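Engineer: I would like to see how this sequence folds:
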Amino acid sequence: MRKNIIYLVLGFIIGSYIFIGTKDRDIINFNKVDKEILNNKELVGLVASIGIRNLSALLPKVYESDKSVVINHPKPKGKTHYVIIPKKDIKDAKDVSIEDGEYLSDVFIVIGKLIEDNNLKDYKVIINGGKYQHVKYIHFHLISNN
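Structural biologist: Predicted coordinates for the structure are as follows:
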């Protein structure tokens with residue numbers, strides 16, 4: 001019995017550390033009963049938030065700053081296709097606040113570095129939202145065919 005209490009307390013402490021700094025996700029939405037508890041996009045976004053904040057050393061990074069991580073897109077849409085992810089949990093562009101400014105400006109500084117380092121002439125920077133956002137965690141795509 002005492003061992004179970006120790007495991008419970010240890011699990012609570014570890015869980016609290018892992019979830020610190022993540023955005024609230026609707027677990028139960030009382031206004032819309034037919035809503036899933038956590039849909040796949042929200043679940044992946046929550047896991048991404050935890051991973052980027054606490055496990056970024058394990059990511060297959062192309063580049064990392066103190067506020068952003070860059071990875072290659074697993075299904076590239078061009079010769080070059082990077083995903084730039086801020087290290088702050090922001091669910092969507094509509095959720096951006098003034099406190100997120102330093103993270104978002106770092107994203108664009110990193111994008112500029114990637115463009116320069118890869119000598120990209122023509123490129124797109126894309127951010128998705130709503131039904132186009134496959135992961136509920138703000139991220140940016142840098143895509144080029146050169």
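Engineer: who does the longest strand along the chain touch, helix- and strand-wise?
Structural biologist: Identified as the longest strand of the chain according to DSSP state E is strand 80-86. Other helices and strands packing on strand 80-86, by 3 or more Cβ pairs under 8 Å, 6 or more residues apart in numbering; DSSP states H and E, are strand 68-72, helix 101-117, strand 140-144. (Each C-beta comes from the backbone N, C-alpha and C, glycine too.)
Engineer: quick one, it and strand 140-144 angle?
Structural biologist: In terms of direction (axes from the mean of the first three to the mean of the last three Cα atoms, to 10 degrees), strand 80-86 departs from strand 140-144 by 160 degrees.
Engineer: got any ranges where this protein has weak pLDDT?
Structural biologist: Within the chain, the stretches with pLDDT under 70 are 1-4, 7-59.
Engineer: and the helices in it?
Structural biologist: 2-19, 40-54, 101-117 (DSSP state H).
Engineer: including distance to Ile127, could the helices and strands packed on strand 80-86 go into CSV?
Structural biologist: Converted to CSV, those look like this (distance: least, Cβ to Cβ, whole Å):
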stretch, distance to Ile127
strand 68-72, 14
helix 101-117, 9
strand 140-144, 5
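Engineer: so which of these is nearest Asn128?
Structural biologist: Taking Cβ to Cβ, strand 140-144 is the member of the helices and strands packed on strand 80-86 nearest to Asn128, at 7.9 Å.
Engineer: now for the closest one, which elements pack on it?
Structural biologist: Packed next to strand 140-144, using 3+ Cβ pairs under 8 Å, 6+ apart, are strand 80-86, helix 101-117, strand 124-126.
Engineer: and the nearest residue to Ile71 once chain neighbours are set aside, bridged to which residues?
Structural biologist: In space, and not counting its chain neighbours, Ile71 is closest to Val83: 5.2 Å by Cβ to Cβ, 6 or more residues apart in numbering. Beta-bridge partners for Val83, by DSSP bridges, are Ile71, His141.
Engineer: show me the contacts for Val83.
Structural biologist: Val83 makes contact with Val70, Ile71, Asn72, His73, His139, Phe140, His141 under the criterion Cβ atoms under 8 Å, 6 or more residues apart in numbering.
Engineer: appreciated, that's everything.
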